[in-house]
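> Dropping a prediction and its sequence here:
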Amino acid sequence: MTIENYHAHIYYDDANRHIAEALREEIEQRFVMRMGRWREKPVGPHPQAMFQVAFENDVFARIVPWLLINRRGLDILIHPNTGSSLGDHTDHAIWLGNKLRLRLDELDNAS
């Protein structure tokens, strides 16, 4: 199994969206990554509003520790992309903050 790259999903709600906005800006300034758009409603397996940060393997060692310290109380799912959506979002996932209940029936079960 090969890790192609990673996604970090940063969750927020109406009460802390301003915190998510500030965190997003800082991520954009500090790291080489691809920023996903704001998702104001649940999409795919994600149970609440979020935005995605996509990054390459060589960025992992810098961005994950930084998010660990600077997440500002937001819940974050970090997962590899190996071609197994279900496994990537469950068995291979890292949670910072609270582990949210994902809508796993929305994922491809292919390995």
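Sure thing, it's come through.

> Run through the helices of the protein in chain order.
For the chain, the helices defined by DSSP state H cover 17-30, 60-70, 85-89.

> Low-confidence regions, the protein specifically.
108-111 (pLDDT under 70).

> Settle this for me: residue 103 is touching residue 46, isn't it.
Yes. Between residue 103 and residue 46 there is a contact under Cβ atoms under 8 Å: 7.4 Å. Just so you know, the C-beta spots here come from the backbone N, C-alpha and C atoms, and that holds for glycine as well.

> Can you list the residue ranges for strands in the protein?
Residue ranges of the strands in the chain, as given by DSSP state E, are 5-11, 34-35, 50-55, 76-81, 94-96.

> the inter-axis angle of the third one versus helix 17-30?
Spelled out, that is strand 50-55. Put simply, strand 50-55 runs at 10 degrees to helix 17-30, going by axes from the mean of the first three to the mean of the last three Cα atoms, to 10 degrees.

> still on that earlier bit, tabulate the strands of the chain in TSV, adding columns for mean neighbour count and distance to residue 61.
Shown next, in TSV, are the strands of the chain (neighbours: other Cβ atoms under 10 Å; distance: least, Cβ to Cβ, whole Å):
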stretch	mean neighbour count	distance to residue 61
strand 5-11	21	11
strand 34-35	13	18
strand 50-55	20	11
strand 76-81	20	12
strand 94-96	15	13
